[in-house]
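*Asks:* below is the structure, and that's it, no one-letter string:
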């Protein structure tokens, strides 16, 4: 059996564990957390303070448009990275499958582990598919790596990492807030990952492969050495695929990345604007970037439950009607998270029927 068939068979086995019925788990987790928070803090009088008018519809509509722009940016990027070998329908399927897998797995794992298989089954070589997935991961982490320090040029650290009223310590950064430490750890992980992928893709893939294999010779890590060898092989293959790509190519791909992530953050800005007069749009945007870094450590599928808590605590300062905090957290997740569960539940079975069964036949031949 060829190596390519072995790879396909491996990913097919992984995909067997992805069941559409698993969408119920993150939904239950998220709704249970929100239900508990509502039980503790819900204030029916808060809704009486809302003036339900066209401005509310405008804000919510543009929040939804921002999510559409986010997916458009991802679809545009994968078309750029594949040299437009994927049409818009194929790009839509890959992105929705990728997001669906991310939505039903812990945030620290995400859908990247099987994303290569999704791309590969749109008639691209395994090497090309590996290169594309690694490139998307690199561009995503590069966005965070660049944006995080830029924030401090415009916003004082106390405004990013302190919750509530801190008028008396405007020029002193308190290290008592655990969010600061979580954000620093998350950012460090992202920078290290970005640096490793850059070195492996563009500088010395074989050198990085050798380094990883050397590290995983240690007794405590030896049991993962086979998997690390596969990672090293993927890096070498991906590097060969990405050689010769010019600056214009990468600028376009990174531009699409900026559109995608920036649009995602603007969802909350428009959502808050629907109900309140918002003064500090850039600070809200900046806190979301920190919030997504914090969510890197979430152990639940798609950050369910954890995301709602972080939203309520980290963005609650901007919600002038306290009784609406939990309701807005739920609305935020309805716009940014639950649609992928629903769309994926329809797209995934259809994709499995058209792609996986064909590959299984090839493997068994």
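*Replies:* Noted; the coordinates are in hand. This structure is a prediction, so every number in the text was calculated from the model and none was measured.
*Asks:* quick one, what contacts residue 141?
*Replies:* Residues in contact with residue 141 (C-beta atoms under 8 Å, 6 or more residues apart in numbering) are 190, 191, 193, 194, 197. In this view, the C-beta of every residue, glycine as well, is placed from N, C-alpha and C.
*Asks:* pLDDT at the third one, what is it?
*Replies:* This means residue 193. Residue 193 is assigned 86 on the pLDDT scale.
*Asks:* any idea which element it lies in?
*Replies:* In the assignment (DSSP states H and E), residue 193 maps to helix 178-198.
*Asks:* which strands and helices sit next to that helix?
*Replies:* helix 126-154, helix 157-161, helix 281-294 (3 or more C-beta pairs under 8 Å, 6 or more residues apart in numbering; DSSP states H and E).
*Asks:* now do the following helix or strand past it, average pLDDT.
*Replies:* Using DSSP H and E, the helix or strand that follows helix 178-198 towards the C-terminus is helix 205-215. If you average the pLDDT over helix 205-215, you get 81.
*Asks:* following helix 205-215, which helix or strand comes up?
*Replies:* helix 225-242.
*Asks:* starting at the chain centroid, how far to the helix or strand following that next one?
*Replies:* Proceeding N to C from helix 225-242, the next assigned helix or strand is helix 247-275, under DSSP H and E. Centroid displacement of helix 247-275 relative to its chain, using C-alpha atoms, centre = their mean, to the nearest Å, is 13 Å.
*Asks:* pLDDT on helix 247-275, on average?
*Replies:* 92.
*Asks:* report the buried residues of it.
*Replies:* 250, 253-254, 256-257, 259-275 (16 or more other C-beta atoms under 10 Å).
*Asks:* return the list of helices and strands in contact with it.
*Replies:* helix 54-81, helix 126-154, helix 281-294, helix 325-336.
*Asks:* can you tell me which of those helices comes nearest to residue 345?
*Replies:* The minimum distance between residue 345 and these falls on helix 325-336, with 15.6 Å, by C-beta to C-beta.
*Asks:* for the closest one, packing partners?
*Replies:* Using 3+ C-beta pairs under 8 Å, 6+ apart, helix 325-336 sits against helix 24-41, helix 54-81, helix 247-275, helix 306-314.
*Asks:* residue 183: which of those helices is closest?
*Replies:* In terms of C-beta to C-beta, the element of the helices and strands packed on helix 325-336 nearest to residue 183 is helix 306-314, at 10.1 Å.
*Asks:* that closest one vs helix 178-198, what angle?
*Replies:* 130 degrees (axes from the mean of the first three to the mean of the last three C-alpha atoms, to 10 degrees).
*Asks:* list the buried residues of the helix holding residue 193.
*Replies:* So, applying 16+ other C-beta under 10 Å, buried residues of helix 178-198: 179, 180, 182, 183, 186, 187, 190, 191, 193, 194, 196, 197.
*Asks:* and of those, the nearest to residue 325?
*Replies:* residue 179 (16.6 Å).
*Asks:* quick one on the thing from earlier: mind putting the buried residues of helix 178-198 into TSV with distance to residue 214?
*Replies:* Shown next, in TSV, are the buried residues of helix 178-198 (distance: C-beta to C-beta, whole Å):
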residue	distance to residue 214
179	36
180	34
182	31
183	31
186	27
187	27
190	24
191	22
193	19
194	22
196	14
197	18
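*Asks:* what's the closest of the residues you listed to residue 81?
*Replies:* residue 197 (13.9 Å).
*Asks:* contacting residues for the residue lying closest to that closest one once chain neighbours are set aside?
*Replies:* Once flanking residues are discounted, residue 197 sits nearest to residue 138: 4.4 Å by C-beta to C-beta, 6 or more residues apart in numbering. Contacts for residue 138 (C-beta under 8 Å, 6+ apart) come out as 194, 197, 198, 201.
*Asks:* which two from those end up farthest apart in space?
*Replies:* 194 and 201 (10.6 Å).
*Asks:* list the contacts of residue 131.
*Replies:* 81, 201, 237, 238, 239, 241, 242.
*Asks:* phi and psi next, for residue 246.
*Replies:* Reported as degrees, to the nearest 10, the phi and psi values for residue 246 are phi -80, psi 180.
*Asks:* that one: neighbour count?
*Replies:* 7 (other C-beta atoms under 10 Å).
*Asks:* can you pull the contacts of it?
*Replies:* Residues near residue 246 by C-beta under 8 Å, 6+ apart: none.
*Asks:* can you give me the distance of it to residue 86?
*Replies:* 20 Å (C-beta to C-beta, to the nearest Å).
*Asks:* pLDDT weak spots in the protein?
*Replies:* 1-31, 33-50, 106-113, 162-179, 221, 224, 296-306, 308, 322, 355-365 (pLDDT under 70).
*Asks:* same thing but at 90, please
*Replies:* Applying pLDDT under 90 to the chain picks out residues 1-57, 97-134, 137, 141, 144-145, 147-190, 192-247, 265, 268, 271-365.
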